[in-house]
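[1] starting from these lines, generate the structure:
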Amino acid sequence: MTAAPDSGDAGYRDARDADASLPDALSRAADAPGTGDDLRALLVRARDALLAARADADAARLRYHALFDAVPDPVSILDADGAVVDLNRAGTRAYGRAREDIVGQPIDVLNPDLPRDHLAPVWDAVQRGRTYVIEVTNMRGDGSRFPVEVHSAGFEHDGRPCLVAVARDLSERREAEVRYRELMDVVDRGIAIHDVEGRFVYGNPAALRLLGIRQGTSLGDTSNRDDWIAIGADGEALPWSELPPVRALRDGRIVESTLVGLYHRVRRALYWLMVTAVPQYPPGGDRPHQVLSLFSDVSALKRDSAMFERVQALAHIGGWELDCGTDRLYLTAESARILDAAQPPQTMEALAAMLLPGDRQCLRDALGAAMLAGAGFDLELQGRRGDGTGFWIRAIGGPRQGDPGASRLSGTLQDIARSKRDEEILRAQARTDPLTGLLNRDAILGELEARMADPAHAQAAVLYIDLDRFKFVNDALGHGAGDELLIAAAHRIRRAVGSAGSIARFGGDEFLVVCDAGAQASHAEHVAKAILDAFGDGFRFDAEEFSITASIGIARAPEDGNRPQTLIQNADAAMYESKRRIRNGWQRYTPALAQSQQDRLRVETHLRRAIDNDEFHLVYQPQVGLRHGRIVAAEALIRWRNRQLGEMRPDHFIDHAESTGDIVRIGAWVLRETCRQAAAWRDAGLGLMRVAVNVSYRQFLGDDLAAHVRDVLAEFDLPGAALELEFTERVLIEDAPDTLRTFAALRAMGVVLTIDDFGEGYSGLNYLRRLPIHGLKLSQLFVGGVPHDRSDVAVCQAVAGIARSLGLGLVAEGIESEAQCRFLLEMGVPVGQGFLFAPGLSPDKFALRLRDGGGMRG
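    I've put the predicted structure just below:
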């Protein structure tokens, strides 16, 4: 290879200057007097040839520099001693130096770390006609280093041997290699590299996991062939030489997507893998030096392969080919069987004639597009055979590959009758609630919308049904019992409604009935009464029997709404009103009911701001020793005074607070205010009075109740014995570790723990004995009937017996007469509270009673 002269070379400039004067001399000689014609012609030709040669040399020099400077990588020319003869523009940019600072300098100026004899192997490779490749680190003008891959080849410059060296910056490649290694570590497919001896060189974490290799195990320990047995896709032993990595190394070609089984003798584990093996060649090598295998675990698919093959056999897929010139249709045996085994169609038009009219035209349009535009098609078509039986087929087709004129079309036919039947089943299932078998929410909404859009059925009625106390049973006996209850309830509703309407499970324990409103306005009410009658008998689960009733709301179209959502929303509102007022009943939607809803919303809105507006205050009802008549404790009772709503009793707003979740914040305020007041009485010299506070179950489930109580007691420097917490019976059925830990932590502080209104709910004695409580409160629901109502007497006696047997304290609520007081005292109830002694008192009045000695009875 001969280089054009370098414009920066002084010798070349001298030679060029000399060449520039020669054409002038030839011109002068040709023009001199006495020069013969032949000699003149010869001199002119010599001058012209010299000018042409010089133009060619200039052009070659320009081409050389254009090419030299166009190379995007740094290119340098070195002489035999390693001095830089030339450097292109990419080199000056890469090294951050001027060309004159490098040309003429030894190569060490670009790479000071090269060994003394670094050019020896380069010249050795060049003399053998090869390119020498090496990775080194070069240095910029500012001293910074960057990795390069240098390709060196022989180069003749001005008749002397030189080297041309191309340096490729590896910085980005190194960064890419780091990212590639990181990707290899996180990718879910196994990646392994083996050398020609079959030894593990590398395995990513997924490869180790898929092959059952524990972290920390030497990869070399897994390469012992005696530990493994290879198995082919047919289940037969596979020679080691036929494994994809071995084949790729042997043949030097990629082996794609091959199913291989590997059985480990020691672990007795079989791994089915889908493997692709890629041979890797060393630089300049003609044989692979290692192989990279990519594989994924298909063990689960292989285990199901027998079933998969059976499904394929049952898929019933056949082929077809159409000669567009003659309309001749060629069918495989399976295609003929699918269409009509006795008389298969001989032409495409005959096949189209078997289809339903709409599908017939669809097929003709698709065939026309395939012939004219080369478009493929995928159609689902329905038709009838000659014997009248129907069929569904999936037809896929298009022009044959390599047939630009689309003279033939080909494709497949598949019998999809079964999948169509399955679609019908799925459509039915999509409309059905899986638990009860009733319509689901979407189905009933669609049916109601269609009914209201039809003038003949526009007078529809919606019954919104909610099961009373379902959540209680679900919590007490578990979700399994809850599901059984929903199934039984659905059966009863279906039996009560009959053919009078459509029934759906609308969500949770809510059901919807859509029926005609009927000529008589009472038709929907009759359906509602039939449903309530169906719930007259209790529901039995194992040895337990529960009385589950229903609350029903009724809304009629069009007077209660002319859109499905409005009608359902109003029926829902009527249902909630029924549940709030009586339960086990039905309620028609009325405009007054809508006003009631707005009022409830108004209450909830004001309730949310009540604490911030300082609208709550507490009164304290004394708890009295029935034998001596003196105050022994008190119960804090909340009151709400709102400037717009007036004085609100707890039974008017506590349920709202429970449903909205505001009870948690209100409960925290009550607890702190109670402790503050107890501390104030103590500081006023009235002694330490224990005060009881009702705790909502939502508080119990929310933040750490024990930690909150501890913080409040500490804030007011109160002992735990100054506080009593009253819980509902619901905590008895939550036998969870958190419940037990919370109760234990509260008791450890000295806080008195009581179950409020014992006997009203699900009184689980088994749970009662597990909780570290101190006492029970006898509900005023039962106290109100003693001593004359035998049922109430029996309940009170039973609760008193339970308290004595478990060593628990007992407080009776709602004592309003001396007769009740005497009965309870004779029954052994030590403490009571009620209007007989005092209503809820303001803190000042309660303090006055304490100063008077705490006596509550004359």
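
[2] every contact and neighbour count from this point should use C-alpha atoms.
    Will do.

[3] against G232, how distant is the residue nearest to L211 when sequence neighbours are not counted?
    Leaving out its chain neighbours, the residue that sits closest to L211 by C-alpha to C-alpha, 6 or more residues apart in numbering is Y271, at 7.0 Å. Taking C-alpha to C-alpha, to the nearest Å as the measure, Y271 falls 12 Å from G232.

[4] which of these two has more neighbours?
    Y271 (20 against 17; other C-alpha atoms under 10 Å).

[5] which SS class is that one?
    strand (DSSP: H, G, I helix; E, B strand; the rest coil).

[6] is it true that N570 touches Y589?
    Yes: with contact defined as C-alpha atoms under 8 Å, N570 counts as touching Y589 (6.3 Å).

[7] what sits in contact with each of these two?
    Counting by C-alpha atoms under 8 Å, 6 or more residues apart in numbering, the residues touching both N570 and Y589 are I554, A555, D560.

[8] which one of N570 and Y589 has more residues nearby?
    Legend: neighbour count by other C-alpha under 10 Å for N570 and Y589, higher for N570 (26 against 22).

[9] quick check on the more buried one: phi, psi?
    Main-chain dihedrals, N570, degrees, to the nearest 10: phi -70, psi -40.

[10] mind listing what it touches?
    N570 neighbours (C-alpha under 8 Å, 6+ apart): I554, A555, D560, G561, Y589.

[11] who wins on neighbours among those?
    A555 (30 neighbours).

[12] thought it was touching L593?
    No: shown here, A555 and L593 do not form a contact pair, counting by C-alpha under 8 Å, at 11.5 Å.

[13] which residues do these two both contact?
    Counting by C-alpha under 8 Å, 6+ apart, the common neighbours of A555 and L593 are A574.

[14] thinking again about what came up before, ok, the shared contacts of N570 and Y589 vs H652, which is closest?
    If you rank the shared contacts of N570 and Y589 by distance to H652 using C-alpha to C-alpha, I554 comes first, at 24.9 Å.

[15] quick one: which helix or strand includes that closest one?
    Assigned by DSSP states H and E, I554 belongs to strand 550-556.

[16] can I get the CA coordinates of that strand in PDB?
    Provided in PDB are the C-alpha atoms of strand 550-556 (Å, rounded to 0.1, in the frame of the first residue of the first chain):
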ATOM      1  CA  ALA A 550     -84.300  -8.700  55.400                       C
ATOM      2  CA  SER A 551     -84.800  -5.000  54.900                       C
ATOM      3  CA  ILE A 552     -86.300  -4.000  51.500                       C
ATOM      4  CA  GLY A 553     -86.500  -0.700  49.700                       C
ATOM      5  CA  ILE A 554     -88.900  -0.200  46.800                       C
ATOM      6  CA  ALA A 555     -88.700   2.300  44.000                       C
ATOM      7  CA  ARG A 556     -91.000   2.500  40.900                       C
END
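
[17] parallel or antiparallel, which strands does it pair with?
    strand 460-467 (antiparallel), strand 585-588 (parallel) (DSSP bridges).

[18] coming back round to it: intersection of neighbour lists for Y271 and G232?
    Contacts common to Y271 and G232, judged by C-alpha under 8 Å, 6+ apart, are G261.

[19] would you mark the buried spots in stretch 821-828?
    C821, L824, L825, G828 (16 or more other C-alpha atoms under 10 Å).

[20] who's in contact with it?
    Outside stretch 821-828, the residues that touch it by C-alpha under 8 Å, 6+ apart are L626, R627, V786, P787, Q797, A800, A812, I815.

[21] out of the residues you listed, which are buried?
    Of those, these count as buried by 16+ other C-alpha under 10 Å: L626, V786, P787, Q797, A800, A812, I815.

[22] nice, that's everything, thank you.
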